[in-house]
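Enquirer: what follows is a predicted protein model with its sequence.
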Amino acid sequence: MPTTLFRNGTVVTAERSFAADILVEGETIRDIAPTLPVEAAGRVIDASGMLLMPGGIDAHTHLDMPFGGTTSSDDFETGTRAAAFGGTTTLIDFAIQAKGTRMRDALDTWWKKADGRATIDYGLHMIVTDLGEAGLDDMDSMVADGVASFKLFMAYPGVLMVDDATIFQAMSRTAKNGALICLHAENGGVIDVIVRKALAEGKTTPIHHALTRPVTAEAEAVHRAIAMAEMAGAPVYIVHLSSEEALNQVREARDRGLPAFAETCPQYLLLSVEELARPGFEGAKYVFTPPLREKRHPPKLWEGLKQDHLQVVSTDHCPFCFEDQKSLGRDDFTKIPNGGPGIENRLQLLYHHGVNEGRLGLNRFVELVSTTPAKLFGLYPRKGALAVGSDADIVMWDPKADHVISSRTHHMRVDYSMFEGFAVKGNARLVMSRGDVLVENGLYHGRPGRGRFLKRAARGGAWN
Ligand code: URP
Ligand code: ZN
Ligand code: ZN
């Protein structure tokens, strides 16, 4: 079996940092010790000055997703390759149940999309749009297939939104089968009325996307989601949380001891609503939901990450090209496909703006980008850990590497970057997935199809 030895690195886990060597045998971590013999190793990698961290886990991506009259521009080949460049070795994408069909149909469709294309390992959440007759039983059968989480939408009426009865029924089922319900929490009905009024008043430009989706619509939905989960006796996970008021709802619930969890994304930590007012339709590059908020929100979200009111940073990577996809909404902001790219830049941005700028400790960084998503979504300790027996998903991180984020050099299949020109210090030098080196010194060695579907355990957000 091929063996690789990382020598003289600093191992960084969610719990601690320490000097050690790591021995990889085949797909697995075999040993971690202060000094391991080099003789037995097929390849020895000098990790002096480097951090050795568990591969990143992005729990929220949309590859090859039909949405807003088009399809997200990264598929499982290009998206997972870009993820690998940025140090992400596992992602959890979303299969979408089309109304009137079974969840199994959606699972088959998404397996086909990923099969032969993914270069890193992936799991799937199931987006439930219609419980119908068999939906609750179907949820159990999804769990048996390793789809241990479901996303429901409280927004996008007529497309993905479901009513409270559906959400409550689904939560009541996960209270029994152990899966985790993820919610896109915005009051879609209210937003729809505000949007129609704006359009009737001739307000059609990208900034109106943000102006028609108030913070209160998010906070109210987060409150309602948590209240329904409490009544159902189920844990709940709020996706892409964007505002202070929404965060307060999660914090209040956690203070009461409820199993409420939430993620935010780099765009909500680093950008603000002014981006949507850029001249010449450029604001469309920043049209996603929830929208970017005023500048008062990001510091609160950073503090929430530090204090564990927020547990995960994912990307909500949902790229649409500016030229021929975002342009669908040139005359009407509601026709701009909602979503933005970021799968490649999550670790770079969080490391630089979090660790380098003193907002997060190194171990908390690992916890947010890898260990907690693994625990919440039933992948731990196979993923999200550097431990004997875990998959050898290892990022050798160069804390001194300078990098300028740009669409000219990124690997995502999209013609712009939301973080164009952002200078970061700290980048992945080598990325290993189950013992295979996928990226080394900026060169790609991965292969489409080597990534495997991950059957995840339904632990309802429980830690172990
Ligand atoms: O605008 C977004 N966030 N697009 C992706 C779909 C979703 O709501 O997560
Ligand atoms: Zn969403
Ligand atoms: Zn999303």
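Expert: Happy to help now that I have it. The structure presented is a predicted model; accordingly, all values stated were derived computationally and were not measured. Ligands and ions are numbered 1, 2, ... in the order given.
Enquirer: dump the residue contacts of the closest residue to ligand 1 within the stretch 351-464 of the chain.
Expert: Going by CB to the nearest ligand atom, ligand 1 is nearest to residue 418 of the stretch 351-464 of the chain, at 11.9 Å. Using the backbone N, CA and C atoms, a C-beta is placed for each residue, glycine as well. Going by CB atoms under 8 Å, 6 or more residues apart in numbering, residue 418 touches 267, 271, 275, 285-286, 340-342.
Enquirer: again, 6 Å this time
Expert: By CB atoms under 6 Å, 6 or more residues apart in numbering, the residues touching residue 418 are 267, 340.
Enquirer: what's the separation between it and residue 246?
Expert: Distance, residue 418 to residue 246, by CB to CB, to the nearest Å: 21 Å.
Enquirer: before we move on, back to that, can you tell me how far the residue of the stretch 351-464 of the chain closest to ligand 1 sits from residue 239?
Expert: 18 Å.
Enquirer: same deal with residue 216?
Expert: From residue 216 across to residue 239, the span is 18 Å (CB to CB).
Enquirer: before we move on, what about residue 9?
Expert: 33 Å.
Enquirer: tell me which helix or strand the residue of the stretch 351-464 of the chain closest to ligand 1 sits in.
Expert: Here residue 418 is covered by no helix or strand, with elements defined by DSSP states H and E.
Enquirer: residues contacting the residue in the stretch 151-300 of the chain that ligand 1 sits nearest to?
Expert: For the stretch 151-300 of the chain and ligand 1, the shortest gap (CB to the nearest ligand atom) falls at residue 288, measuring 3.3 Å. Residue 288 sits next to 338-340 when contact means CB under 6 Å, 6+ apart.
Enquirer: run the last query once more with 10 Å
Expert: Going by CB atoms under 10 Å, 6 or more residues apart in numbering, residue 288 touches 209, 240, 242, 265, 267-268, 316, 318, 320, 336-342, 418.
Enquirer: cool, and residue 56?
Expert: 83-84, 86-91, 120, 313-315, 343, 346-347, 350, 366, 368-370, 373, 383-384, 393, 395, 428, 431.
Enquirer: next up, the contacts around the nearest residue to it once chain neighbours are set aside.
Expert: Once flanking residues are discounted, residue 56 sits nearest to residue 88: 3.8 Å by CB to CB, 6 or more residues apart in numbering. By CB under 10 Å, 6+ apart, the contact list for residue 88 reads 55-58, 61, 79-80, 82, 120, 314-315, 317, 343-347, 369-370, 393, 395, 428, 431, 433.
Enquirer: among those residues, which ones are in strands?
Expert: 56-58, 61, 395, 428, 431, 433 (DSSP state E).
Enquirer: for the stretch 251-400 of the chain, what spans make up the helices?
Expert: Using DSSP state H, counting those that start in this stretch, the helices of the stretch 251-400 of the chain run over 266-270, 297-306, 346-350, 362-366, 372-376.
Enquirer: alright, I will stop here.
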